[in-house]
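In: got a predicted model here, sequence first, then my questions.
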Amino acid sequence: MSVVSDTQPAPRRRRARSLVKSLLGFLVVVIVTYLGLLAVTFFIGRVIPIDPVLAVVGDRAPANVVERTRQELGFNEPLTTQFVIYVQKALSGDFGRSVLTTNPVMTDIKRVFPATIELATLGTLIGAILGIPLGVLAAVRRGGWLDQIVRIIGLIGYSVPIFWLGLLALLIFYARLQWVGGPGRIDVVYEYTFTPITGFYLLDSIIQRDWSAFGNIISHLALPSLLLGYFSLAYISRMTRSFMLNELSQEYIVAARAKGLSERRIIWRHALRNAAVPLVTVIALSYAGLLEGSVLTETVFAWPGLGLYITNSLQNADMNAVLGGTIVIGSVFIAINLLSDLLYRLLDPRTRAR
Amino acid sequence: MSVMGNTTPPPLAEPQLSRREWLLSDRPTSRTQAKLGRAYVAWRRFAENRLALIGLIIILALVLVAISADLLAPYSPTIGNLATARLLPPSWEHWLGTDDQGRDILSRLIYGSRLTLYVVVLVAIIAAPIGLLIGTVSGYAGGWVDAVLMRITDIFLAFPKLVLALALVAALGPGIENAVIAIAVTSWPPYARIARAETMQVRNSDYISAVRLMGASPIRIVLRHIMPLCMSSLIVRVTLDMAGIILTAAGLGFLGLGAQPPLPEWGAMIASGRRFILDQWWVAAAPGVAILLVSLGFNLLGDGLRDALDPRSSGQ
């Protein structure tokens, strides 16, 4: 019957349609979530303080100045209008001026953000490169000594305060043993010879072939990135182990064994490849977690990134800078969260099955 | 029923059951017996796990120390001896040394356990009911209520918790109560997700239909028949989250946004010891060990509880 030939291309068309549909749905989720973030920061910045105008002009300003500032800042408008203006400004990257540095907040953030990204990226790389093989081996030799070690690494990683571990690491490896560079990104000596281009110091020193600066940067990066790497490792290895255990108990593994494939091939090619899809999500989440955790790590290591910028601004009651930083970290965090979710759905056909 | 009761022969003289047999009986004769029996089975499964027992002991010790801080602490936690006791190393008089204000660090740690417990308990009793309510209502009502509530939950789930708590405390002003509020506001979404999933599983079951046929209102069904079923998985999740709550609270304290001086909050103690880390490292080291121990305790306890109460997800 002709119906048969008609149904032939249908699944593909249906799949394309469902893909478009899920992408549209995804877009709505992104917009709604982002608006939610802005609503929360708006609420924190405008609604909670008793009078944000007084925060700007001080409590000794004459009444007409207060009224004029109120007018200028748009506080006489209804809250909804204020929120619309707030969203428009935030979308164009205007978070107001920082009281502390007197720069626009966005300029400050552009200057400090590469430092944070550099650290978090390196930390995640260390965590993934060490964590995935560790997790796989722990799952393969379940209950063995390696499994116990992974378990202990995970337990301590989930329980130790990162800022405390950072302080101890500074004390031991920097102050006592002098193996690594101390706080900051680079020694003061290089301040005049080294010129940042991209803001990613490692990249900059490679571009300029400044190898002595490169070594110095590495020695400063070592401690904080290894520390972040440890936390990332704790999470990634534990999740890898759990995914691998799940895969290794599947029937296709038995089939592969029955076919006579080598154990190594079964583990690394068959099982790991199937565990890779949820692993992508885990690595993305760990990256987002490190970005967020930068608030604490950067304070300990005096690392001039976004986290330190936020905490410094906090100490000086610089709400514009705090909320601007919150929005930027929040946006990246949300983007990573949602993108990994989307990636998961695109990569894993099982989640599309419905 | 009473007719049946008359015709059946009088019960045989029951053999004397040992307490264990009574608890493990297949046919409990009362609701209490059934409950105790289930609790006993869960306890046996929990107690098999040595690490979980260690966790339980750590947490019990924390509670005991917090209760009897006045008896245990050898010195005052807030008033030190500036003249003679500044930054002393550990010794017989001061087991963990003293800080820059001449205060005994051990005493401060002991009193600090109260603050830690205070934060953890408050966050749990604020965040867990919010999550439970949103989750059960969302799961039971379904439709647009479910869609709206779950979208809100997802939004909160996608937020960076620590940074948001930071901004919130910055606006509310530093202090331990505000830190609790900030953490609670950001930590309810996972509970809502769990409660919703559990609700979806039971909402169409026969006994819920039976209760509905008997004329129970939706409020009563949710409160009396669905919420109790969500409790065990919720308790497990809350226990597992305790370590994270402690770490966040300590982080806020470390940044000067949590408990204010002279309160002996562990995170703030690390921050104040930071200045002396090079020469008097014990000032910052001791509170960190306390935080590590307590978070470890909650993690071990949570893992054990999960294995005992929810055997399906254990073993991985």
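Out: Sure, I can see it. Residues are numbered from 1 along each chain as shown, chains lettered A, B, ... in the order given.

In: list the buried residues in the biggest helix by length in chain A.
Out: As assigned by DSSP state H, the longest helix anywhere in chain A is helix A:211-248. Residues A:213-214, A:216-217, A:219-245, A:247-248 are the ones in helix A:211-248 that count as buried (16 or more other C-beta atoms under 10 Å in any protein chain shown). Where C-beta positions appear, they are placed from N, C-alpha and C, glycine not excepted.

In: how distant is it from the center of its chain?
Out: 14 Å (C-alpha atoms, centre = their mean, to the nearest Å).

In: by contact count, what packs against that helix?
Out: Here helix A:211-248 touches helix A:105-140, helix A:145-159, helix A:162-169, helix A:201-207, helix A:272-301, going by 3 or more C-beta pairs under 8 Å, 6 or more residues apart in numbering or on different chains; DSSP states H and E.

In: try it again with 6 Å
Out: Using 3 or more C-beta pairs under 6 Å, 6 or more residues apart in numbering or on different chains; DSSP states H and E, the elements in contact with helix A:211-248 are helix A:105-140, helix A:145-159, helix A:201-207, helix A:272-301.

In: and the contacts of the following helix or strand past that helix?
Out: From helix A:211-248 onward toward the C-terminus, using DSSP states H and E, the following helix or strand is helix A:251-259. Here helix A:251-259 makes contact (C-beta atoms under 6 Å, 6 or more residues apart in numbering or on different chains) with A:266, A:270.

In: mind listing what's buried in helix A:251-259?
Out: Neighbour-count burial for helix A:251-259, counted by 16+ other C-beta under 10 Å, picks out A:253, A:256.

In: show me where pLDDT drops low in chain B?
Out: Within chain B, the stretches with pLDDT under 70 are B:1-16, B:310-316.

In: low-confidence regions, chain A specifically.
Out: Chain A contains residues with pLDDT under 70 at A:1-11, A:47-59, A:349-354.

In: next, the contact list for the spatially most central residue of it, please.
Out: Note on chain A: the residue nearest the mean C-alpha position is residue A:288, at 2.2 Å, using C-alpha atoms, centre = their mean. Contacts for residue A:288 (C-beta under 6 Å, 6+ apart) come out as A:333, A:336.

In: now with 8 Å, please.
Out: Going by C-beta atoms under 8 Å, 6 or more residues apart in numbering or on different chains, residue A:288 touches A:332, A:333, A:336, A:337, B:160.

In: do the same with residue B:157
Out: B:189, B:190, B:193.

In: next one: residue A:141
Out: So residue A:141 contacts residue A:147 (C-beta under 8 Å, 6+ apart).

In: of all the contacts of residue B:157, which comes closest to chain A?
Out: For the contacts of residue B:157, the closest approach to chain A (C-beta to the nearest C-beta) belongs to residue B:189, at 11.8 Å.

In: redo the helices and strands packed on helix A:211-248 as CSV? Include distance to residue A:186.
Out: Shown next, in CSV, are these (distance: least, C-beta to C-beta, whole Å):
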stretch, distance to residue A:186
helix A:105-140, 11
helix A:145-159, 29
helix A:201-207, 6
helix A:272-301, 12
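
In: tell me which of these lies nearest to residue A:14.
Out: helix A:272-301 (22.7 Å; C-beta to C-beta).

In: go through stretch B:282-293 and flag the buried ones.
Out: B:282, B:283, B:284, B:285, B:286, B:287, B:288, B:290, B:291, B:292.

In: and chain A, which of the residues you listed contact it?
Out: Filtering the buried residues of stretch B:282-293 for proximity to chain A (criterion: C-beta under 8 Å from any C-beta of the partner chain) leaves B:284, B:285, B:287, B:288, B:291, B:292.

In: how many residues are close by residue 177?
Out: I went with chain A, as the question did not name one. As a burial measure, residue A:177 scores 9 neighbours (other C-beta atoms under 10 Å in any protein chain shown).

In: that's the wrong chain, I wanted chain B
Out: The number of residues packed near residue B:177 is 14, by other C-beta under 10 Å.

In: against which helices or strands is the helix or strand encompassing it packed?
Out: Here residue B:177, judged by DSSP H and E, is contained in helix B:176-187. When contacts are defined as 3+ C-beta pairs under 8 Å, 6+ apart, helix B:176-187 packs onto helix B:105-141, helix B:161-172, helix B:227-254.

In: so is the last one next to chain A?
Out: Spelled out, that is helix B:227-254. Yes. Legend: contact between helix B:227-254 and chain A by C-beta under 8 Å from any C-beta is shown at B:243, B:244, B:247, B:250, B:251, B:254.

In: that helix versus helix B:176-187: what angle between them?
Out: Angle, helix B:227-254 to helix B:176-187, by axes from the mean of the first three to the mean of the last three C-alpha atoms, to 10 degrees: 130 degrees.

In: which parts of helix B:227-254 are buried?
Out: In helix B:227-254, counting by 16+ other C-beta under 10 Å, buried: B:227, B:229-230, B:232-254.

In: residue B:118: neighbouring residues, count only.
Out: By other C-beta under 10 Å, 17 other residues sit near residue B:118.

In: contacts only, for it.
Out: Contacts of residue B:118 (C-beta under 8 Å, 6+ apart): B:176, B:180.
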